[in-house]
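Chemist: Sharing a sequence plus its predicted fold:
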Amino acid sequence: MYDVLVIGSANVDLMVRVGRRPGPGETVTGSDLVESAGGKGANQAAAAARLGARTALLARVGDDDFGRLVWDAQRVAGTRLGHVLVEKGARTGTAMIVVGPDGDNTIVVSPGANAHLTPEDVRAAREAVAASAVVSLQLEVPPRTVRAAVDVAAESGTRVVLNPSPAPDALDARLLSAADPLVVNEHEARLLSGRADGSPTEWARALRERGARSVVVTLGGEGALALEAGADAPVVVPGVAVEVVDTTGAGDAFTGALAARLARGASLPEAVRFAVRVGAAAVTRQGAQSSYPTMAELA
């Protein structure tokens, strides 16, 4: 049995810090390059596992040094690795990250082996899906693979947490109807709700009207809000005041923590309160997975 099965991407992050971001055609000098494990799927798995959840990852990596880095980082986090597949002759997915002086970042992703995660891989893991309390999904792998994951989860009655990032122009109705919750940041909420000038509450209601079972909108340092199925108003969870060092992977820390707490039977507002604490802790340290707290560190 797993608490959380994450189906998604696994990357290596190549991160450099800059005093200011370059403009078009401009070159600036940055810090030494830092290589670390990342990818939205692997990040969410590491976050859940470090919090003590029984977590497995279904992903593809290349047969290169970066693939071994991803594997080692997941093992250290405590993720079960029986469903991590190696794509012969492929490069592991890579993210190029520039972190500014305010701790915010810009990211470019090269999918690599992530593009080879197939619906057949998901269907082959049907028993693992059925043995999981929650399946956590993102959009850094092929859309057909995400749709297959939703279908297999529906067949087995497994709860789906969907983080539609990178955000598409529109979200497949099949994916929306499976999301319980749909987890979006402010940019994703504006885009997918079709209400660019609305409030977070209006975005959440619009997304539920479009088919999501429940919705969570993350608000950065301001916290998050949760709109449950059938609720008239969302529950607003305030942020935790911290000194921000690096926001890389903070959204994944939030989503992994949310999935872990839902898998243990928490209500959506309870899970969001916990996830806000985890996300806040993650931004106080550099990197993605290396910044994720354990339960002891949250105490």
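Modeler: Sure thing, it's come through.
Chemist: Quick one: distance of stretch 175-188 to the chain centre.
Modeler: 11 Å (Cα atoms, centre = their mean, to the nearest Å).
Chemist: so what pLDDT did residue 159 get?
Modeler: Note for residue 159: predicted pLDDT of 98.
Chemist: go on, residue 102?
Modeler: So residue 102 comes in at 85 (pLDDT).
Chemist: Would you quantify the distance from it to residue 220?
Modeler: 12 Å (Cβ to Cβ, to the nearest Å). Just so you know, the C-beta spots here come from the backbone N, C-alpha and C atoms, and that holds for glycine as well.
Chemist: Neighbour count for the two, which is higher?
Modeler: The neighbour count for residue 102 versus residue 220, taken as other Cβ atoms under 10 Å, is higher for residue 220 (16 against 8).
Chemist: And the next helix or strand past the helix or strand harbouring residue 161?
Modeler: Applying DSSP states H and E as the criterion places residue 161 in strand 159-162. Later in the chain than strand 159-162, the nearest helix or strand by DSSP H and E is helix 173-178.
Chemist: name the helices or strands packed onto that next one?
Modeler: Where contact means 3 or more Cβ pairs under 8 Å, 6 or more residues apart in numbering; DSSP states H and E, helix 173-178 is packed against helix 143-156, strand 159-162.
Chemist: Buried ones in the longest one, by neighbour count?
Modeler: In other words, helix 143-156. 145-153 (16 or more other Cβ atoms under 10 Å).
Chemist: Tell me the pLDDT of residue 97.
Modeler: pLDDT, residue 97: 89.
Chemist: Helix, strand, or coil at it?
Modeler: Under DSSP: H, G, I helix; E, B strand; the rest coil, residue 97 falls in the strand class.
Chemist: show me the contacts for the closest residue to it other than its chain neighbours.
Modeler: Spatial nearest neighbour of residue 97, excluding adjacent residues (Cβ to Cβ, 6 or more residues apart in numbering): residue 15 at 4.3 Å. Contacts for residue 15 (Cβ atoms under 8 Å, 6 or more residues apart in numbering) come out as 33-36, 97-99, 248, 286-287.
Chemist: Next up, identify which helix or strand residue 15 is on.
Modeler: Assessed by DSSP H and E, residue 15 sits inside strand 11-17.
Chemist: Direction included, what does that strand pair up with?
Modeler: Strand 11-17 has its sheet partners listed here by DSSP bridges as strand 34-38 (antiparallel), strand 93-99 (parallel).
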